[in-house]
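S.K.: quick one, fold the following:
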Amino acid sequence: MSPGITTAEDAVLSSSLHNISYCRVTGSVAYDHSNHLVEFELWLPSRDSYNGRFMVVGNGGFAGVIDTDQMASQLKQGFAVAGGDSGHRLLDNGVGGSGSYIPFLNNIEETKAWIHESIAIITEPTRKIATSFYNDPPSHSYYHGCSTGGAQGFALAQFHPHLFDGIYAGSPGNWYSHLMLSFLWNGQHAKGDAFIDQATLNATTEAILDACDELDGVKDRLIENPLRCNFDLDSLVCLTHTSSSKGYDTCLGPKQLEALKAIYAGPMDKRTNTTVYPGFSLGSERELLAQETLLYKAYAAPLLQNLIFHNLSYDIDTFSFERDVAQVDAIAGPLIDEIGVDLGAFQRRGGKMVVTQGWTDPLNAATWPIQHLEQLQKSSTKSTVASFFNLYMIPGGGHCGAASSYPYVPATYHVEDALVAWVENKIFPDSILSSTPPDGSSRTRKLCPWPKVAKIRNQAYPDVADSYDCVHD
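M.R.: Numbers count the residues shown, from 1 in each chain. Take a look at the predicted model:
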């Protein structure tokens with residue numbers, strides 16, 4: 001056993017998970033030459049279920065727990081799968097929100113471990129255990145993560161390029177410091193008379209869908225590429241209004257319109273008049289309520305109070321987008337952002353990376369992964385980047401799956417199938433299948449490597465993935 005690892009005394013064979021027999025190993029790996037630990041679990045399917053491959057799964061949000069749901073999903077596909085708690089325990093945090101003490105954000109090593117290091121810390125030890133269990137090393141190693149886990153995937157490609165053959169990063173929060181600032185920006189702009197209630201958000205999306213639904217040639221209450229949707233928001237302004245936002249449900253009051261335009265624009269650094277983080281896209285309005293009410297309190301506030309200003313009484317409404325962005329960049333950027341454009345080491349070792357992003361993600365602005373892809377392409381060439389890194393945009397997709405207001409959109413993304421074929425058989429993923437909408441229908445769609453989009457070829461079967469081709473819009 002490698003130094004610094006402890007394991008459960010009894011690794012028990014179980015058939016409780018969908019009749020799959022597996023060995024469950026629990027343990028921890030010490031880091032930072034101190035008492036800091038990354039707790040892990042490793043699930044090893046029986047030989048008749050094992051596909052010969054190793055998988056590590058990532059975390060979500062502030063982490064602090066092992067994602068056993070995602071581990072179960074990978075186990076069912078035959079992977080030996082490991083997951084960790086990212087180097088701190090969620091139970092040690094405050095209750096959340098403004099004024100909460102978050103211990104790991106007050107410790108530099110734990111903060112670095114959270115996104116940058118924790119997956120790397122557990123990967124080699126757990127892979128060695130898997131090798132010992134099967135008396136043979138896994139043929140290939142993969143990583144699957146979404147949200148914070150998507151950011152961890154970018155950290156692996158940037159800082160630990162030797163560890164994985166294939167990386168999946170969904171809904172990536174890899175510019176985490178500025179993602180938190182976008183939460184703050186949106187929450188600040190939607191207060192008082194500017195607050196947009198759910199009914200008005202719904203009506204706004206419906207009006208935009210009426211205008212842009214059929215741009216892709218199929219009427220399905222979905223916008224394939226919101227960047228092609230030209231919609232005049234001013235057309236939604238109420239012809240008559242009161243000074244209160246209450247009562248609007250089919251039109252926007254003037255302050256609501258101003259707030260929505262700010263959310264679309266994204267936060268601005270007033271020193272340079274440049275965008276701090278991109279804004280949201282047309283068609284995402286039904287998913288924006290949490291941006292107005294929850295996210296800036298749950299994530300931006302504790303990050304600013306604990307990591308940046310070290311003051312739990314810091315009033316987040318005093319944050320200046322002219323004065324304070326530079327301080328966030330200086331303190332948080334090196335610890336929690338993964339936006340480097342040099343992924344050459346990962347490319348040279350033959351690694352492949354798949355990124356997905358929903359157009360109606362209620363947390364992440366959808367165009368950030370597009371912008372980051374363009375940054376990668378400028379640092380190299382489009383063809384070079386496409387040879388190892390591709391982005392798949394999901395019309396009507398939410399955060400790491402379904403958007404609640406688009407239940408008819410397929411929300412299971414068959415990424416592992418495409419990634420394994422790309423890594424092991426050099427089959428380029430010219431599309432990825434999506435299936436299983438929350439509404440229970442059998443609808444399937446193709447996800448296309450950006451900037452290609454799905455264009456219907458067979459109008460007779462609009463709910464079948466094979467009826468679409470991936471083409472340049």
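S.K.: report the longest helix in this structure, please.
M.R.: Across the chain, the longest stretch assigned as helix under DSSP state H is helix 118-134.
S.K.: so which elements touch that helix?
M.R.: When contacts are defined as 3 or more C-beta pairs under 8 Å, 6 or more residues apart in numbering; DSSP states H and E, helix 118-134 packs onto strand 20-31, strand 36-45, strand 53-57, strand 80-84, strand 140-146, helix 148-159. For every residue, glycine as well, the C-beta is placed using N, CA and C.
S.K.: so Tyr101 makes contact with Asn306?
M.R.: Yes - judged on C-beta atoms under 8 Å, Tyr101 makes contact with Asn306 at a distance of 6.9 Å.
S.K.: now for the two: what residues contact both?
M.R.: Leu312 (C-beta atoms under 8 Å, 6 or more residues apart in numbering).
S.K.: who has more neighbours out of these two?
M.R.: More crowded of Tyr101 and Asn306, by other C-beta atoms under 10 Å: Asn306, with 23 against 14.
S.K.: the more buried one touches Leu312, doesn't it?
M.R.: Yes - checked against C-beta under 8 Å, the pair Asn306 and Leu312 is within contact range at 7.4 Å.
S.K.: how deep is Pro137 tucked in, by neighbour count?
M.R.: 14.
S.K.: Three-state assignment for it, please.
M.R.: Counting by DSSP: H, G, I helix; E, B strand; the rest coil, the backbone at Pro137 sits in coil.
S.K.: so where's the protein uncertain?
M.R.: Confidence mapping of the chain against pLDDT under 70 gives the ranges 1-18, 94-95, 240-248.
S.K.: does Leu236 really touch Thr205, like I thought?
M.R.: No - look at Leu236 against Thr205 with C-beta under 8 Å: they stay out of range, at 10.8 Å.
S.K.: out of the two, which sits in the busier spot?
M.R.: Each of Leu236 and Thr205 has its neighbours counted (other C-beta under 10 Å); Thr205 has more, 22 against 19.
S.K.: who touches the host helix or strand of that one?
M.R.: For Thr205, the host element (DSSP states H and E) is helix 198-212. Here helix 198-212 makes contact (C-beta under 8 Å, 6+ apart) with 196, 221-223, 226, 228-231, 235-236, 248-252, 256, 260, 282-286, 288-289, 405.
S.K.: what's the following helix or strand after that helix?
M.R.: helix 254-265.
S.K.: and the next helix or strand after that next one, what does it pack onto?
M.R.: As assigned by DSSP H and E, the chain's next helix or strand after helix 254-265 is strand 268-269. Here strand 268-269 touches strand 274-275, going by 3+ C-beta pairs under 8 Å, 6+ apart.
S.K.: thinking again about what came up before, mind putting the helices and strands packed on helix 118-134 into TSV with distance to Glu110?
M.R.: Listed next are the helices and strands packed on helix 118-134 as TSV, based on distance: least, C-beta to C-beta, whole Å:
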stretch	distance to Glu110
strand 20-31	9
strand 36-45	6
strand 53-57	19
strand 80-84	13
strand 140-146	19
helix 148-159	14
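S.K.: now the ones you listed as JSON lines including distance to Gln74 and mean neighbour count?
M.R.: As requested, the helices and strands packed on helix 118-134 are arranged in JSON lines below (distance: least, C-beta to C-beta, whole Å; neighbours: other C-beta atoms under 10 Å):
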{"stretch": "strand 20-31", "distance to Gln74": "11", "mean neighbour count": "19"}
{"stretch": "strand 36-45", "distance to Gln74": "8", "mean neighbour count": "23"}
{"stretch": "strand 53-57", "distance to Gln74": "5", "mean neighbour count": "28"}
{"stretch": "strand 80-84", "distance to Gln74": "4", "mean neighbour count": "29"}
{"stretch": "strand 140-146", "distance to Gln74": "6", "mean neighbour count": "25"}
{"stretch": "helix 148-159", "distance to Gln74": "12", "mean neighbour count": "26"}
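S.K.: for Lys452, find the nearest of the ones you listed.
M.R.: Nearest to Lys452, of all the helices and strands packed on helix 118-134, is helix 148-159, at 21.1 Å by C-beta to C-beta.
S.K.: so what does Ala345 have for phi and psi?
M.R.: For Ala345, the backbone dihedrals are phi -70, psi -40 (criterion: degrees, to the nearest 10).
S.K.: oops, could you answer that again for Lys446 instead?
M.R.: According to degrees, to the nearest 10, Lys446 has phi -100, psi 140.
S.K.: about what we covered before: and the contacts of helix 198-212, which of them are buried?
M.R.: 196, 222-223, 226, 229, 231, 236, 248, 251-252, 256, 260, 282-286, 288-289, 405 (16 or more other C-beta atoms under 10 Å).
S.K.: overlap in contacts of Asn306 and Leu312?
M.R.: 100-101.
S.K.: and Tyr406, how far from Glu287?
M.R.: 8 Å (C-beta to C-beta, to the nearest Å).
S.K.: next: Thr204.
M.R.: With C-beta to C-beta as the criterion, Thr204 and Glu287 are 11 Å apart.
S.K.: ditto for Ser73
M.R.: According to C-beta to C-beta, Ser73 stands 24 Å off from Glu287.
S.K.: which one of the two is surrounded by more residues?
M.R.: Neighbour count, other C-beta under 10 Å: between Ser73 and Glu287, Glu287 has more, with 24 against 17.
S.K.: next up, the contacts around the more buried one.
M.R.: Counting by C-beta under 8 Å, 6+ apart, Glu287 has contacts 360-362, 398, 403-405.
S.K.: just the buried members of those residues?
M.R.: Listed as buried from these are 360-362, 398, 403, 405; burial here means 16+ other C-beta under 10 Å.
S.K.: so who does the residue nearest to Ser467 when sequence neighbours are not counted touch?
M.R.: Leaving aside its chain neighbours, Ser467 sits nearest to Asn458 (3.9 Å; criterion: C-beta to C-beta, 6 or more residues apart in numbering). Asn458 sits next to 464, 466-467 when contact means C-beta under 8 Å, 6+ apart.
S.K.: need these in a markdown table (columns: neighbour count).
M.R.: Below are the contacts of Asn458 laid out as a markdown table (neighbours: other C-beta atoms under 10 Å):
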| residue | neighbour count |
| --- | --- |
| Val464 | 15 |
| Asp466 | 12 |
| Ser467 | 19 |
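S.K.: using CSV, please lay out those together with secondary structure and distance to Asp439.
M.R.: Conversion of the contacts of Asn458 to CSV gives the following (DSSP: H, G, I helix; E, B strand; the rest coil; distance: C-beta to C-beta, whole Å):
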residue, secondary structure, distance to Asp439
Val464, coil, 16
Asp466, helix, 21
Ser467, helix, 19
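S.K.: which among the residues you listed gets closest to Gly153?
M.R.: Nearest to Gly153 out of those is Asp466 (C-beta to C-beta; 29.3 Å).
S.K.: for the residue lying closest to the closest one once chain neighbours are set aside, phi and psi?
M.R.: The spatially closest residue to Asp466, leaving aside those adjacent along the chain, is Asn458, at 7.7 Å (C-beta to C-beta, 6+ apart). Per-residue torsions, Asn458: phi -120, psi 100 (degrees, to the nearest 10).
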